[in-house]
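S.K.: One predicted model, sequence on top.
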Amino acid sequence: MMASDLVEILCAAHLGNLVEGPFSERGGIMLVGPPGVLKTTFVSTLDVQYQDALMVSDINVKSLIRMRDAIAAGKVNTLVLPELAKVYERADVTSKNVEGTLRALAAEGFSAASFEDSRINRLTARALIIAGLVPSLVESHFSAWEESGYNRRFLWSLIRLKDPTALEKAAVNWARIDFRVKHIPLVPLGSKIPNLTTQRERQRLAVMVKHQPGGDHAIQIQLMTRILAVLRWWYTENGDDRNPMDVMERFGLSLGKNGTAMDLGPTPRANLKMEEELIRHSAGSLLAHRRWNKDKVRKANKKRKR
């Protein structure tokens, strides 16, 4: 899978709530991979590109309650957690409460915390949840997530880098990696995005998520369908002749048992012209310094002779 494919998938998932359809569940995407595979870079794209996506480095139930009305009103449609492990770096009771709130936001909706008066009428908040995490966190919580229904609400995308040394090469070349995303989906001028997916395509999407945890894949299929619908709409709007199902097929590899390797694109090259100038400048400075030292020694010798 190309890195640009993953960026487009995440952006399309963010716009998925605008796709016409009978379902209200939002679901989410969990990017699972070892440290150094750019999970934070990928998920932070949403915070940079969309004003209704909010990246939070650390949350608790009280902060989620403060955001509830903004989420319910549509001012915040996606919550981005660059490192899900932060949720579990607290007491078990606190982390369980946050986990339960995220679980509700992704599906049935969050209206009131356990310590709030349930007799008060409140808006129901739903949001797409995008997070990055390492495989060890999945292993330590998998059984509990399976029992609580947490697993079935999300797509679990397992990724690694095709070139494990890509980041080191970029640092040595002193150049950022360019994902070369052709165009990122924008918020439509209208209020809705048409769902032009076919039943055969949705059946194919269902096959892609068959190895996903949770047992019941309904929410996962819904999210995959929305992503495909957004990509098809956006490609049509931009006159892009690519088949969005090709992107879905490549993303679908990351949903399998063994995940997929991420191709970051061409390795960034060093600016050789600039380096040549620096070398030339350094050589010139060194030569001038040596000449200055020789002149200094020559003058000193002359003074001694006198």
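M.R.: All right, it came through fine. Everything numeric in this text was worked out from a predicted model, so none of it was measured. Numbers count the residues shown, from 1 in each chain.

S.K.: now the strands for the stretch 201-306 of the chain?
M.R.: 260-262 (DSSP state E, counting those that start in this stretch).

S.K.: in which helix or strand would I find P35?
M.R.: Counting by DSSP states H and E, there is no helix or strand that carries P35.

S.K.: Make 20 the first number, not 1, from now on.
M.R.: Done: numbering now begins at 20, and the last item shifts to P54.

S.K.: List the residues that contact it.
M.R.: Residues near P54 by Cβ atoms under 8 Å, 6 or more residues apart in numbering: V153. In this view, the C-beta of every residue, glycine as well, is placed from N, C-alpha and C.

S.K.: Check what pLDDT it gets.
M.R.: Per-residue pLDDT puts P54 at 92.

S.K.: just the one 10 residues further on next, same as before
M.R.: For T64, the model assigns a pLDDT of 91.

S.K.: same check, this time on P287
M.R.: 62.

S.K.: I'd like the mean pLDDT over stretch 37-49, please.
M.R.: pLDDT averaged over stretch 37-49 gives 95.

S.K.: residues making contact with it?
M.R.: 28-29, 32, 35-36, 103, 124-128, 145-152, 172-176, 206-207, 210-214, 238-239, 241-242, 244-245, 248-249.

S.K.: Now go through those residues and say which are in strands.
M.R.: 147-152, 173-176 (DSSP state E).

S.K.: Among those, which pair sits farthest apart?
M.R.: L147 and L152 (16.2 Å; Cβ to Cβ).

S.K.: Narrow the contacts of stretch 37-49 to just the buried residues.
M.R.: 28-29, 32, 35-36, 103, 124-126, 128, 145-152, 172-176, 212, 214, 238-239, 241-242, 244-245, 248-249 (16 or more other Cβ atoms under 10 Å).

S.K.: In the chain, which residue is most central in space?
M.R.: With distances taken as Cα atoms, centre = their mean, the residue of the chain nearest its centroid is V62 (2.1 Å).

S.K.: For the strand or helix carrying that one, name the packing helices and strands.
M.R.: Using DSSP H and E, V62 sits in helix 58-68. Packing partners of helix 58-68 (3 or more Cβ pairs under 8 Å, 6 or more residues apart in numbering; DSSP states H and E): helix 22-33, strand 47-51, strand 72-74, strand 97-100, strand 147-152.

S.K.: can you list the residues that contact it?
M.R.: Residues contacting helix 58-68 (Cβ under 8 Å, 6+ apart): 22, 25-26, 29-30, 33, 50, 52, 72-74, 97, 99-102, 149-152, 178, 203.

S.K.: Tell me the bridge partners for L100.
M.R.: Beta-bridge pairing for L100 (DSSP bridges): A150.

S.K.: separation between it and A91?
M.R.: 19 Å (Cβ to Cβ, to the nearest Å).

S.K.: between the two, who's got more neighbours?
M.R.: More crowded of L100 and A91, by other Cβ atoms under 10 Å: L100, with 24 against 18.

S.K.: any idea how far the more buried one is from I178?
M.R.: 17 Å.

S.K.: what about the residue nearest to D260 when sequence neighbours are not counted, how many neighbours?
M.R.: Closest residue to D260 apart from its sequence neighbours, by Cβ to Cβ, 6 or more residues apart in numbering: Y254 at 7.7 Å. Burial measure for Y254: 19 neighbouring residues, criterion other Cβ under 10 Å.
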